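Undergrad: sequence and predicted structure below; questions after.
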Amino acid sequence: MARLRPKFIVGIGGSAGALKAYMALLDATPSKTGMAFVIISHMNPTASSELAYILSHHTKMPVMAASQAMPIRRDHVYVIPPNADILVEKHAFKVVSPRVQRNNQVDLFLTSLAEAMGAHAIGVILSGSDGDGAEGCKNIKAKGGITFAQDMSAEVDGMPLSAQATGCVDFVLPPDKIPDELQRLVSTSTHKEA
């Protein structure tokens, strides 16, 4: 099991206008990175989510909804299920349903990711209104992790700008340029540990 664990877990948060950004990011991401990707999207609690199905057309990695106690594996993409909060606990998902409150799923996930993964946590804030994700980015930075925010290409800039306003965002890039930087971070980290 340990060799299937990701070296880094990338938490990707978004809301309004983020679907195009998720697709662009995954289109540009190689299928073998050694990382796991977790997409935390705001959605109506009563909606049935087609997000995993839609995103599966933009990557060769397996894409699935996170479920209770599901182990987090490298080279997989996970999406938040409807009306739930998800957390990371011992390299697996903890699912809290129904969700605790509206539109703070990204902060909750990124904060638990920071606790679980420390310097191996990566936060990415994409298009969305409001400020969800800003607190999570602060927590990731405090634990030595890396954070990204979408640049002016965001259809709705509330979430990325709130994250940037914390002073805790390392990179501001369009979604299709984020994977190159992720690959650089992973290879730098691998060389340091070798």
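TA: That came in fine, so what should we check first?

Undergrad: what sits against the nearest residue to S56 once chain neighbours are set aside?
TA: Nearest non-adjacent residue to S56, counting by C-beta to C-beta, 6 or more residues apart in numbering: V63, 4.2 Å away. C-beta here means a position set from N, CA and C on the backbone, and glycine is covered the same way. Counting by C-beta atoms under 8 Å, 6 or more residues apart in numbering, V63 touches A52, Y53, L55, S56, H76, V77, Y78, V79.

Undergrad: out of those residues, which is nearest to S112?
TA: Closest approach between these and S112, by C-beta to C-beta: Y78, at 13.5 Å.

Undergrad: strands paired with the strand or helix carrying that closest one, and their directions?
TA: Following DSSP states H and E, one finds Y78 within strand 77-79. Strand 77-79 has the following sheet partners, assigned by DSSP bridges: strand 35-41 (parallel), strand 63-65 (parallel).

Undergrad: enumerate the positions of stretch 170-186 that are buried.
TA: D170, V172, L173, P175, D176, K177, I178, P179, L182, L185, V186 (16 or more other C-beta atoms under 10 Å).

Undergrad: same check, this time on stretch 159-167
TA: M159, P160, L161, S162, A163, Q164, T166.

Undergrad: go through those residues and name the one nearest A121.
TA: Among the buried residues of stretch 159-167, A163 lies closest to A121 (C-beta to C-beta), at 14.4 Å.

Undergrad: now that closest one. Its backbone dihedrals?
TA: Main-chain dihedrals, A163, degrees, to the nearest 10: phi -60, psi -50.

Undergrad: I80 too?
TA: Backbone torsions of I80, given as degrees, to the nearest 10, read phi -70, psi 140.

Undergrad: what's near enough to touch the closest residue to A142 other than its chain neighbours?
TA: What sits nearest to A142 in space, not counting adjacent residues and going by C-beta to C-beta, 6+ apart, is A114, at 7.0 Å. When contacts are counted by C-beta under 8 Å, 6+ apart, A114 touches A121, G136, N139, I140, A142, K143, G145.
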